[in-house]
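K.L.:
how would this look folded up:
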Amino acid sequence: MVNKMKIGIEVKKVDSQGRFVLPSDWRESELVDVNEIYVIKGPAYLKIIPKRKPDLTKFFDRIDIGVGAIGDWERFERKFYGEIG
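P.N.:
Residues are numbered from 1 along each chain as shown. Now for the predicted structure:
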């Protein structure tokens with residue numbers, strides 16, 4: 001079980017090729033099933049974010065298309081799919 005890491009500052013060495021080691025507790029908690037990261041370059045800083053596939057299921061059942069206003073659902077489907085003019 002991985003405990004949530006606390007926000008903090010760590011000093012890391014950078015080798016001659018520009019590499020450094022990500023903190024192990026961050027890797028264990030944030031890089032679950034992920035092996036790529038986004039590196040955002042800003043003036044005098046780098047921001048590292050795990051590259052995850054977005055969970056689009058949180059948007060399911062959120063769109064209101066006014067289905068309640070449709071009186072005859074079967075007629076609506078036939079018209080929608082072009083079966084009637």
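
K.L.:
if I pick residue 9, what's in contact with it?
P.N.:
Contacts for residue 9 (Cβ atoms under 8 Å, 6 or more residues apart in numbering) come out as none. C-beta here means a position set from N, CA and C on the backbone, and glycine is covered the same way.

K.L.:
State the pLDDT value of it.
P.N.:
For residue 9, the model assigns a pLDDT of 87.

K.L.:
which SS state does it fall under?
P.N.:
Assigned with DSSP: H, G, I helix; E, B strand; the rest coil, residue 9 falls in the coil class.

K.L.:
any idea how far it is from residue 32?
P.N.:
Look at residue 9 and residue 32: by Cβ to Cβ, to the nearest Å, they are 23 Å apart.

K.L.:
mind checking how far residue 36 is from residue 8?
P.N.:
As judged by Cβ to Cβ, residue 36 and residue 8 stand 24 Å apart.

K.L.:
swap that for residue 77, sorry
P.N.:
Separation of residue 77 from residue 8 (Cβ to Cβ) stands at 57 Å.

K.L.:
These two: which is more packed in?
P.N.:
More neighbours surround residue 77 than the other of residue 77 and residue 8, with 12 against 7 (other Cβ atoms under 10 Å).

K.L.:
helix or strand for that one, which one?
P.N.:
According to DSSP states H and E, residue 77 maps onto helix 73-80.

K.L.:
What mean pLDDT does that helix get?
P.N.:
In this model, helix 73-80 carries a mean pLDDT of 83.

K.L.:
Next, the buried residues of that helix.
P.N.:
Residues of helix 73-80 include none that count as buried (16 or more other Cβ atoms under 10 Å).

K.L.:
show me where the chain has strands.
P.N.:
For the chain, applying DSSP state E gives strands covering 37-42, 45-50.

K.L.:
Now do the first one against strand 45-50, angle only.
P.N.:
Right, the one you point to is strand 37-42. Per axes from the mean of the first three to the mean of the last three Cα atoms, to 10 degrees, the angle that strand 37-42 makes with strand 45-50 is 160 degrees.

K.L.:
Direction included, what does strand 37-42 pair up with?
P.N.:
Using DSSP bridges, strand 37-42 pairs in its sheet with strand 45-50 (antiparallel).
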